[in-house]
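Peer 1: Got a predicted model here, sequence first, then my questions.
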Amino acid sequence: MGGGVESSGWKTLPNPKPPTATILLLMRVLGLDLGRKRIGLAVSDLEAEIAFPAGTLKSAGRKADVLAICEFIAERDIGSVVVGLPRHMDGRHGPEAASAEKFAAALRGASGLAVDTLDERWTSQEAERALLAQGHNSRRSRAHVDEVAAAIILRTYLQLNREKLRSREGE
């Protein structure tokens, strides 16, 4: 009879495997634009699709900054982080990039979260242009430029890493 069951002349197909339950864990992603004076912050929505500027943190040194960001992570229920990696125009890593990588490693160790880096060339200029187009004077509000730059870093990261973020949900 070939695996099916016959009853009253009708052949039924064998029961397929029951569908596996897909659990969708929602998480916010934090984007950081590191600077000497301030750190721009951006947070995604729960679906990790949209980036929103979330203010700035006055920089007080790596150790204090990592602690403050860990507190922010706990308050906002953040699931992963991306740190802007400032490279030279030719792609080389300079001292700022090395500092960003050290910061990302320290944050990874302190938070226990996945912390990635993303090339941030031109994000501050893009943020300034966007703010000027909206009628803001970027020279008067550098902090606003920093949080918008963080949102641009985060938006780019979300666009480039949709599948990677979805696979992390099950970790």
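Peer 2: It's in. Residues are numbered from 1 along each chain as shown.
Peer 1: Report the mean confidence score over the longest helix anywhere in the chain.
Peer 2: Using DSSP state H, we find that the single longest helix of the chain is helix 142-160. Here helix 142-160 scores 86 as its mean pLDDT.
Peer 1: As CSV, could you dump the C-alpha coordinates of that helix?
Peer 2: Extracted C-alpha coordinates of helix 142-160, given in CSV (Å, rounded to 0.1, in the frame of the first residue of the first chain):
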residue,chain,number,x,y,z
ARG,A,142,27.3,68.6,17.7
ALA,A,143,25.5,66.2,20.1
HIS,A,144,22.6,66.0,17.7
VAL,A,145,25.0,65.2,14.8
ASP,A,146,26.6,62.4,17.0
GLU,A,147,23.2,60.7,17.7
VAL,A,148,22.1,60.9,14.1
ALA,A,149,25.5,59.5,13.0
ALA,A,150,24.9,56.6,15.4
ALA,A,151,21.5,56.1,13.9
ILE,A,152,23.1,56.0,10.4
ILE,A,153,25.6,53.4,11.6
LEU,A,154,22.8,51.3,13.1
ARG,A,155,20.6,51.6,10.1
THR,A,156,23.4,50.5,7.8
TYR,A,157,24.2,47.6,10.1
LEU,A,158,20.6,46.5,10.3
GLN,A,159,20.3,46.5,6.5
LEU,A,160,23.5,44.6,6.0
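Peer 1: Mind listing what's buried along it?
Peer 2: Neighbour counts using 16 or more other Cβ atoms under 10 Å place 143-158 of helix 142-160 among the buried residues. Placement of C-beta: from N, CA and C, glycine included.
Peer 1: what's the closest of these to Ala100?
Peer 2: Among the buried residues of helix 142-160, Ile153 lies closest to Ala100 (Cβ to Cβ), at 10.9 Å.
Peer 1: related to what we said a few turns ago, just list what the longest helix of the chain packs against, helices and strands only.
Peer 2: Counting contacts by 3 or more Cβ pairs under 8 Å, 6 or more residues apart in numbering; DSSP states H and E, helix 142-160 packs against strand 28-34, strand 38-44, strand 51-58, strand 78-85, strand 114-119, helix 123-133.
Peer 1: is it true that Glu47 lies in a helix?
Peer 2: No - Glu47 is assigned coil when assessed by DSSP: H, G, I helix; E, B strand; the rest coil, not a helix.
Peer 1: still on that earlier bit, next, the angle strand 38-44 makes with the longest helix of the chain.
Peer 2: 40 degrees (axes from the mean of the first three to the mean of the last three Cα atoms, to 10 degrees).
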